[in-house]
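Asker: task: produce atomic coordinates for the following.
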Amino acid sequence: MVFILVGLIFLVLGIMGMYVWWWFLVEIIKGLVSLTLTVLGCLFIITGGRILLRGPKEAEEKDD
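Answerer: Below is the predicted model of the structure:
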């Protein structure tokens, strides 16, 4: 019962905090989106380079 009561209090405080500081949350989300896109871009470039370097050898092995 205590955990439910504490959980409800934290939920209310969290909702109040999001309402008061909504602009700060928007800034964080913008930063996380740009960081995620940068990391994903690097991963795709690395993966594409590895596929280009290993592609012909694996294609010959699969044809056998």
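Asker: pLDDT (mean, whole number) over the helix or strand that contains Cys42?
Answerer: Element membership for Cys42 (DSSP states H and E) is helix 22-63. Here helix 22-63 scores 87 as its mean pLDDT.
Asker: work out which residue lies at the spatial centre of the chain.
Answerer: Closest to where the C-alpha atoms of the chain average out (CA atoms, centre = their mean) is Thr36, at 5.4 Å.
Asker: distance of that residue relative to Val12?
Answerer: Separation of Thr36 from Val12 (CB to CB, to the nearest Å): 30 Å. In short, each C-beta sits where N, CA and C put it, glycine included.
Asker: Ile45 too?
Answerer: 45 Å.
Asker: and what of Leu5?
Answerer: In this view, Leu5 and Val12 are 11 Å apart by CB to CB.
Asker: same question for Arg50.
Answerer: Taking CB to CB, one finds Arg50 at 49 Å from Val12.
Asker: cool, Leu40 as well?
Answerer: 36 Å.
Asker: then Phe24?
Answerer: Here the criterion is CB to CB. By it, Phe24 lies 19 Å from Val12.
Asker: got it, and Leu37?
Answerer: Here the criterion is CB to CB. By it, Leu37 lies 34 Å from Val12.
Asker: repeat for Gly49
Answerer: According to CB to CB, Gly49 stands 50 Å off from Val12.
Asker: next, count neighbours for Val20.
Answerer: By other CB atoms under 10 Å, 9 other residues sit near Val20.
Asker: Phe44 too?
Answerer: Neighbours of Phe44 under the rule other CB under 10 Å: 10.
Asker: residues contacting it?
Answerer: Listed by CB atoms under 8 Å, 6 or more residues apart in numbering, Phe44 has no contact partners.
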